[in-house]
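>>> after the sequence you'll find the predicted model.
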2 protein chains.
Amino acid sequence: MTDTAPRQKRPPTIHDVAAHAGVSRGTVSRVLQGGHNVSPASHQAVDAAIRKLGYVVNRAARSLVTRRAGSVAFLLSETHERLFQDPNLATLLRGCTTALAAHDIPLVLIAAGTEAERRRIAPYLAAHQVDGVLLFTSHRGTPMIELLQQAELPFVCCGKPHDQAGAVSYVVADDREGARTMMRHLIDSGRRRIATIAGPADGPGGLERLHGYREMLAEHGIRYNKSLVATGDYSRASGESCMRELLARVPDLDAVFVASDLMAEGALSAIERAGLSVPGDIAVGSFDDSPVATATNPPLTTMRQPWQRISDMMVRQLLAQIEGDGPASVILPTELVVRESA
Amino acid sequence: MTDTAPRQKRPPTIHDVAAHAGVSRGTVSRVLQGGHNVSPASHQAVDAAIRKLGYVVNRAARSLVTRRAGSVAFLLSETHERLFQDPNLATLLRGCTTALAAHDIPLVLIAAGTEAERRRIAPYLAAHQVDGVLLFTSHRGTPMIELLQQAELPFVCCGKPHDQAGAVSYVVADDREGARTMMRHLIDSGRRRIATIAGPADGPGGLERLHGYREMLAEHGIRYNKSLVATGDYSRASGESCMRELLARVPDLDAVFVASDLMAEGALSAIERAGLSVPGDIAVGSFDDSPVATATNPPLTTMRQPWQRISDMMVRQLLAQIEGDGPASVILPTELVVRESA
DNA sequence: CTGAAAGCGCTTACAG
DNA sequence: CTGAAAGCGCTTACAG
């Protein structure tokens, strides 16, 4: 067992490539930067040398001179429970990793769920150890935002942050329009006593989806009834208890618009337990089109969130800001996916 | 809008700290490395200067000379579906991030779910852009392992990899002993026609938990009955269908050992749908003690996986290997958590 | 289009 | 215990 074993065969450097290609190191570097101001012949020679030697740029060396970390952070400003429950977060994480990989930019995961963690990462961020930050917003997101602004670090939120001073970049699905679309679908199929299980008001999409619900009711001359509204926390369990509550309050409701698939799964259970059928007695429309949507019985009619596009846009916006662009907000449409529950 | 805005106020360097403290840069560096061979007076002066200036080490510069990336990768060698479904993966990811943060080591997330992705990251890994890798193993893990071995990059697996040539570091929960404990609990409470819903044979813990099930049956003189065994894929839906199948085959079974909480949640639905009660008619014991375990009705009696310890040990093993240690395997005990389902 | 050279911010023998 | 100095592997004006 050789301890502290030194790596013998040092990886090739730009110097080796230059020697192999018969050019200067400057020229190799220029090829690495995109090949501007390089003759085709030199370009080819360098490319060949790179391939031959299996050269990979040393990021630390590059980073030192460019003053760019060359990486981007994904801030987990969520508690563990939330992290576990939210299938969308996993999807987003995956999507961002992939989108960044296309630009050859590593994604650094940073935990910022507790106050202690936030204190710890503040200097890291302030020192620009990453070039930018992807932020999964929530009610807990706000303290992070201030920190990032002070650090003058580019960032983009997933979801619109609340009570935010100044212009902040974010990417969201069109929650209100999505809610309206689902409500239209429910109303068009003849439902009139439509309940809703909303998400927390300070959470992503919570208020907007509720607004969409109320707007559509109003536009169809259906009176808004407070008893038909319950608020969950996006968990399956909360969906189930909310549904039970709604059923107790308004036994003859004929539809429910649920703000997430996970809660809808819970609602389905409560409805079944009450001896009612879906969609026969009650139509269930939900939001997300996460993998659970097809695992339930019956499969869920739901609004598809464009997660792929959301990740892509978040990454694109962030990279643009790193290049000097100002903040921007992007709103992406959702899509009605009709299955069997409504 | 200043584009490509240069950061004006450059962050302080070791040079500034040295000037402030009235010592040489070498001495500052020594303090940064732990303060060996530094007089208490110098040490204090440097500490004060660091605090005063808000100095944070430039990792790129350090990395360039130490020839260490200073970061560690978490390889997501999973498909998206799997990633979404597995609450344990999120827990593990969180745990590893936190454990590494204590050592001031950033965790880089790398997607290696597809063949294309694996091809892409191979040079990155071979060039040692990270110092080591945390690997969430599965049947798909094997190609990654070979790649890592060729790159001579330290790595540790979560779960014991299958068909692996050579010594490989891994950390696992004691799946077999955990299964035995749960089975003992079921048998001690008088159950005799005990079914099981196993995980995939090539997945983490799949076979081991099934072995534990069979062993315990044998040790209590209960005959093994193939009809009492079903194999799911760790998803809620598969748990439900497996349970339905088992009930159809052996209507009078009086207990079921399910290899994950998520599948147990599905099993619970199937049992309820069959008009049977838990634990009255059928006792349900599961595995994980993930957040779902307390969200079901009734709450699950389950084997707690020591995720916190698993993450900690994975990180510890990896850091030791980076320092030159040889590979090692760690097996951690699970713990029976009795709730209401058994 | 190209090369020579300076410099990014650290660490680490080497002398003392 | 400490300082001066070399060097890690790149990029980027600067001349030509």
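Done, it's in.
>>> and the stretch 201-342 of chain A, which residues reach chain B?
Counting by CB under 8 Å from any CB of the partner chain, the stretch 201-342 of chain A comes close to chain B at A:235-237, A:269, A:290-292, A:295, A:323-326. Placement of C-beta: from N, CA and C, glycine included.
>>> switch the cut-off to 7 Å
A:235-237, A:291, A:295, A:323-324, A:326 (CB under 7 Å from any CB of the partner chain).
>>> most neighbours among the residues you listed, which one is it?
A:Arg236 (24 neighbours; other CB atoms under 10 Å in any protein chain shown).
>>> that residue reaches B:Asn297, doesn't it?
No: A:Arg236 lies out of contact with B:Asn297 (CB atoms under 7 Å); the separation is 11.0 Å.
>>> using CSV, write out every CA atom in stretch A:62-80.
Coordinates of the C-alpha atoms in stretch A:62-80 are reproduced here as CSV (Å, rounded to 0.1, in the frame of the first residue of the first chain):
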residue,chain,number,x,y,z
ARG,A,62,-7.5,28.4,-16.6
SER,A,63,-9.6,29.5,-13.7
LEU,A,64,-6.7,31.3,-12.1
VAL,A,65,-6.1,33.5,-15.1
THR,A,66,-9.6,34.0,-16.3
ARG,A,67,-10.9,34.8,-12.8
ARG,A,68,-13.8,32.6,-13.4
ALA,A,69,-14.6,29.5,-11.4
GLY,A,70,-16.0,27.7,-14.4
SER,A,71,-18.7,26.1,-12.3
VAL,A,72,-22.2,27.0,-11.2
ALA,A,73,-24.0,26.2,-8.0
PHE,A,74,-27.4,24.7,-7.3
LEU,A,75,-28.5,25.9,-4.0
LEU,A,76,-30.6,23.5,-2.0
SER,A,77,-32.5,25.9,0.2
GLU,A,78,-34.9,23.3,1.3
THR,A,79,-35.3,21.1,4.3
HIS,A,80,-34.8,17.5,3.9
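>>> tell me how many other residues crowd the residue in the stretch 101-250 of chain A positioned nearest to chain B.
Closest contact between the stretch 101-250 of chain A and chain B, by CB to the nearest CB, is at A:Ala127 (3.6 Å). Other residues near A:Ala127 come to 19 when the count uses other CB under 10 Å.
>>> the domain parsing of chain A - what is it?
With domains defined by automatic domain parsing, chain A comprises A:14-57, A:72-173+A:308-334, A:175-304.
>>> and those domains, which one's lowest on average pLDDT?
The minimum mean pLDDT among the domains of chain A belongs to domain A:72-173+A:308-334 (a mean of 86).
>>> now do the same end-to-end measure for that one.
27 Å (CA to CA, to the nearest Å).
>>> on that earlier part again, wait, the residue of the stretch 101-250 of chain A closest to chain B sits on B:Tyr55?
No: in terms of CB under 7 Å, A:Ala127 does not count as a neighbour of B:Tyr55; the distance is 8.7 Å.
>>> for A:Val292, which residues are in contact?
By CB atoms under 7 Å, 6 or more residues apart in numbering or on different chains, the contact list for A:Val292 reads A:87, A:261-262, A:265.
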